[in-house]
Structure formats: C-alpha cells, structure tokens
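In: Sequence and predicted model, in that order:
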Amino acid sequence: DLENFKISKHRWWRSIDNLPRVDLNYEKSKKTINELLYDSTRIRLISDAKISTSLSGGVDSGIIFSILNKYSDDNNLNLDPFIFKDNNNVYENALELCSYYKRKPKIIKDIKYKPDQLSSLFTVLESTSTYFSQIQIYKNQNKNGFKVSIDGHGADECLGGYSRNILNYIFDYQNSIVATYQTLNKIAGNKFVETNIEKYNFVKKVIKYDLNLLKLMYPTSSFNINQNKYIENKKIDLIPNFFLNDLEELKGFEFGQQFMIADANYGGLQWLLNKWDKASMASSVEIRSPFMDWNFFQYALALPTSFKIKNGKNKSILRDSFNDILSPSINNDNRKQGLPSVKNLYNEEYIEYTNKIYSENSFLNSNLWDGKKINKDFQFFKKTKDNESIKNLDVFFRLHLMNKGFNSLKESLNKLTDSNRIKDNYNVLN
C-alpha cells in the first residue's frame, strides 16, 4: 500500500486447497504412488552436469537409489552412491543394496571433529545443531566432480515416518474406539457393549484425549527455564496468522493428518530443507528431491492413516509400492535412520575448549547474555563435575561460536583482492 506505506502478506498457494482426491482402494493408490515417484525422479535427471546420489540404508534413499538404477543409461548419472558409515545403524543394508545392483559405494567414515572446528561448521549450517554428516557427503561429492545430488528427502514429512506421527495416529485410533463404544452403547445399550468386549477380547479401558494442534505446534515454553536467568527475555508471539486462519479448516482432518499438513507448511519441513540446502550449498552441490515433487508430496499427504501404517510397518504404502526393487532387509527394516547428529561431544577436550571460550572477553562482555554469570556458574559446574548443568549452558557456547564464525566470514568477504575476486580466508570445508 504505497499511500499508507504498509506491507500486507498474501498467500498465492495453500496446501489444504491443493490436496488431491485419493483413491481409497489401497492397490490403486499404491500404483499411483509408484507412477508419481518414477515420474518425479525422471524429471530430475535433466542436467548438463554430473549427477550423484547418497544412500543411508533406509527405505527412502533406498527407493530413490533403486529407481535411479532403472535409468542407468543416462550418461550424466553415476550410480556408485556415497554412504556415511559413522553412527549408521543400517549401514549393512546400504551395502547389500549396492551389491544387489552391482555398484561400488564411496564410503565416508571416521570423521573426528575437534572443538575448534565447530565455529565454521555451525556457520555453514547457520544453526547450532550438529548435523555435520550432511556437510561431509556433499563435500565428498564435490571433490569427485559432482554438481547435482538426487536424494531421498521429504518422504517422512508426507507419509508420517517419524515416531511422533505414529503417536498421533494412536491418539486418533484410541479416540475412534471411544466414539465407537459410545455409539454402540446408545444403539444397543451398555450390557451389549460389555458382553461383546468380553466375547471378542476388545480393549476394555480406553480414554478419550482432547487434542490441540495449536498447543502441539507452538508449545508455550520451549526455552530451558534454567537458561532464562542469563538473558533478558520476553515472550514473542511466533504463531503465523496464516496458521491461525487454517486452524478451523484443519479440524476437518484426523489429528494425525492435521499435524502432518501443519508441520509440512509451518516449520518442520522448512527446517529440514534449510539444513540440507545449507550443507549442500557449502560445496556448490544442488539437491534434487523426487519425494518433494508437489504432485507426489500432496498425494501422499492426502492418503488416509491406514495406508501409512500397515502390518507393523511405517510408510507402508511406499514400501509396498516399491517392494519389487528393494532388498528385503531394507523393506522390512523399520529403524529410523537418516543421518544422525554428532553425539557424545561432552568429553574432556570439549569441556576445556568451552572453558577457553567462556573466558574470552568477547563472551564475558557480550550484549546478548550475562557472560560473567555464565562463566562463574560454568566454573562451579566444572569443579563439581556436573555435566548435566554444563550441557544446559551449552547453547550459549554454540551461539557464541556461530556468531564468531559469521564475523570471521564477514571480515573475509570484506577483504577484496580485486573487483571480481573475493579472497577466501575462511574456507570452512578445507
């Protein structure tokens, strides 16, 4: 509004308005899922640069890798996948699939991180999370001359692959049982209900849950209460108006589906894509994700819960749709893998480096938090070997390192050797 100098936000597209009609015949929807994913993968093979892929050993990357092997005549496509070994509990599954398709994997292993590397790594991700495995995959792809990577991101977000999704499904089913008992009681009486519960060994005691999507998506307190004493803080309303506008319409879906639609549009999926995009761009590798094709994603998102958990398997319709091209070990393995964050950082070396950082003037005199109080408490926790309390302070340590990384990068970018070239004194990957 140029007259009043105001900016208003408008949506040009809304996920709820673009959910397709799905076939409630499981076999027919299975065929549709298969066709949509083959099409979205084929489209993403259009490239004038070398294409690679990675493989975790889980079902998502396993399916993409298997589909790509059907297009092995593409001259730009290299099908020897990059596999991250460290902390990968389905590593053997990945090797088995490579053997099945007669491919030679490129193994990434034994990555040891020093505390003084954390600043540059946090800067790459623009986050204090320790998802460094992604950085290493794309770094290695770049070293091998690849500019494009076709990956398995996005299946969990549209097919409910996370444990929190399955928990929401249980709430739905339990509330459905309660509603069914109540209906039967009104029609045939309590005696009839009790007799048949006993006769068929149905669930006897069920509780109806009051499910609140707003509270689940935006809990009132997400910051550790013990960290508040180190910073000046006030509550900020981060709930998007668009989400509030969608709430009433979302109530028309089962709760598990409510959460998946909301999470795909208001945070969860954005966090995932942002993390992977930062990691790949640090090595100038472009990510292409067939599961994220809007035709596939929206169709999968619209499928009923019963299609997504079947016979003790999550993402069951996906597994069943591609059963013929997967190895049995991958198709039958329900473990959630992906690429884990780096764990067990709190060794003696890490704590000593934390001590060094907390003693720096830039930390002690920070205008973001009370550095002197943090350092004083840290010294006490260190002396008493209270590692849990040290972990509670760790967010300040990581934020300071990330901020240092940004400042170093800024200084580096300001040192121009000429008008066309930036002197790179801050090569975070080398």
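Out: Perfect, thanks for sending it. Fair warning: this is a prediction, and the values are worked out from it, not measured in the lab.

In: Averaged pLDDT, stretch 201-218. What do you get?
Out: In this model, stretch 201-218 carries a mean pLDDT of 92.

In: which of the residues in it are buried?
Out: 206, 211, 213, 217-218 (16 or more other CB atoms under 10 Å). For the C-beta atoms, the positions are set from N, CA and C on the backbone; glycine is no exception.

In: Now render these as CSV, adding distance to E352.
Out: Listed next are these as CSV, based on distance: CB to CB, whole Å:
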residue, distance to E352
V206, 53
L211, 47
L213, 45
M217, 40
Y218, 38
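
In: Quick check: the farthest pair among those residues?
Out: For the buried residues of stretch 201-218, the farthest-apart pair by CB to CB is V206 and Y218; their separation is 28.3 Å.

In: D263 contacts L269, doesn't it?
Out: Yes - between D263 and L269 there is a contact under CB atoms under 8 Å: 6.7 Å.

In: Can you check which residues contact both of the two?
Out: Taking CB atoms under 8 Å, 6 or more residues apart in numbering as the criterion, D263 and L269 both touch E157.

In: show me where pLDDT drops low in this protein?
Out: The chain contains residues with pLDDT under 70 at 221-227, 334-338, 344, 416-430.

In: Name the helix or strand for the spatially most central residue of it, please.
Out: Among the residues of the chain, the one closest to the centroid is L272, at 4.0 Å (CA atoms, centre = their mean). Per DSSP states H and E, L272 falls inside helix 268-281.

In: Identify the residue spatially nearest to F65, adjacent ones excluded.
Out: Distances taken as CB to CB, 6 or more residues apart in numbering place L55 nearest to F65, at 5.1 Å, with adjacent residues excluded.

In: Wait, the one you found touches F84, no?
Out: No - judged on CB under 8 Å, L55 makes no contact with F84 at a distance of 9.0 Å.

In: Neighbour count: the two, which is higher?
Out: Comparing L55 with F84 by neighbour count (other CB atoms under 10 Å), the higher total belongs to L55, at 29 against 24.

In: Count the residues that sit near the closest residue to S316 other than its chain neighbours.
Out: Once flanking residues are discounted, S316 sits nearest to K310: 3.7 Å by CB to CB, 6+ apart. In terms of burial, K310 registers 15 neighbours under the definition other CB under 10 Å.

In: which residues sit in contact with K310?
Out: K310 is in contact with 316-317, 320, counting by CB under 8 Å, 6+ apart.

In: who's it bridged to?
Out: Beta-bridge partners recorded for K310 (DSSP bridges): K313.

In: For S72, what are phi and psi?
Out: phi -70, psi -10 (degrees, to the nearest 10).

In: what's near enough to touch I33?
Out: Counting by CB under 8 Å, 6+ apart, I33 touches 296, 299-300, 317-318, 321.

In: In JSON lines, list those residues along with secondary structure and distance to Y169.
Out: Converted to JSON lines, the contacts of I33 look like this (DSSP: H, G, I helix; E, B strand; the rest coil; distance: CB to CB, whole Å):
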{"residue": "F296", "secondary structure": "helix", "distance to Y169": "21"}
{"residue": "Y299", "secondary structure": "helix", "distance to Y169": "19"}
{"residue": "A300", "secondary structure": "helix", "distance to Y169": "15"}
{"residue": "I317", "secondary structure": "helix", "distance to Y169": "14"}
{"residue": "L318", "secondary structure": "helix", "distance to Y169": "16"}
{"residue": "S321", "secondary structure": "helix", "distance to Y169": "20"}
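
In: Which members of those are classed as buried?
Out: Among those, those scoring as buried are 296, 299-300, 317-318, 321 (criterion: 16+ other CB under 10 Å).

In: Closest one to K147 out of those, please.
Out: K147 lies nearest to F296 out of these, by CB to CB, at 23.9 Å.

In: ok, that closest one - contacts?
Out: Applying CB under 8 Å, 6+ apart, we find F296 in contact with 33, 36-37, 40, 158, 290.

In: again, but for K114
Out: K114 touches E349, counting by CB under 8 Å, 6+ apart.

In: Going forward, the N-terminal residue is numbered 55.
Out: Okay, residue one is now 55; in that scheme the one you just asked about reads as K168.

In: And it, how far from L399?
Out: Distance, K168 to L399, using CB to CB, to the nearest Å: 11 Å.

In: ok, now Q236?
Out: According to CB to CB, Q236 stands 51 Å off from L399.

In: most neighbours, which of the contacts of F350?
Out: Busiest of the contacts of F350 [other CB under 10 Å] is P344, holding 28 neighbours.

In: so that residue makes contact with T107?
Out: No - using CB under 8 Å, P344 makes no contact with T107, being 10.6 Å away.

In: and the closest residue to L292 other than its chain neighbours, how far is that from G116?
Out: The shortest distance from L292 to any residue other than its chain neighbours is 6.8 Å, reached at Y272 (CB to CB, 6+ apart). To G116, Y272 is 34 Å away according to CB to CB.

In: cool, and W348?
Out: W348 is 23 Å from G116, where distance means CB to CB.

In: Look at these two and report which has more neighbours.
Out: G116 (28 against 12).

In: what secondary structure does the more buried one sit in?
Out: Secondary structure state of G116, per DSSP: H, G, I helix; E, B strand; the rest coil, is helix.

In: List the contacts of the nearest residue in space to it that is not next to it in sequence.
Out: Residue nearest to G116 in three dimensions, not counting chain neighbours: I384, with 4.4 Å by CB to CB, 6+ apart. I384 makes contact with 111-113, 116, 144, 147, 150-151, according to CB under 8 Å, 6+ apart.

In: same deal with A148?
Out: Contacts were defined as CB under 8 Å, 6+ apart; by that measure A148 touches 109-111, 116, 135, 137, 142, 159.

In: Roughly how far does T237 sit from I231?
Out: The separation that T237 has from I231, given CB to CB, amounts to 11 Å.

In: Compare the two (neighbour count), which wins?
Out: Comparing T237 with I231 by other CB under 10 Å, the one with more neighbours is I231, at 15 against 11.

In: I87: which element?
Out: Using DSSP H and E, I87 maps to helix 80-97.

In: Now do the helix or strand following that helix: distance to the chain's middle.
Out: The helix or strand immediately downstream of helix 80-97 is strand 105-107, counting by DSSP H and E. Distance of strand 105-107 from its chain centroid, counting by CA atoms, centre = their mean, to the nearest Å, is 21 Å.

In: which of the residues in the host helix or strand of L149 are buried?
Out: Using DSSP H and E, L149 sits within helix 145-154. Buried residues in helix 145-154, counted by 16+ other CB under 10 Å: 145, 147-152.

In: Sounds good, over and out.
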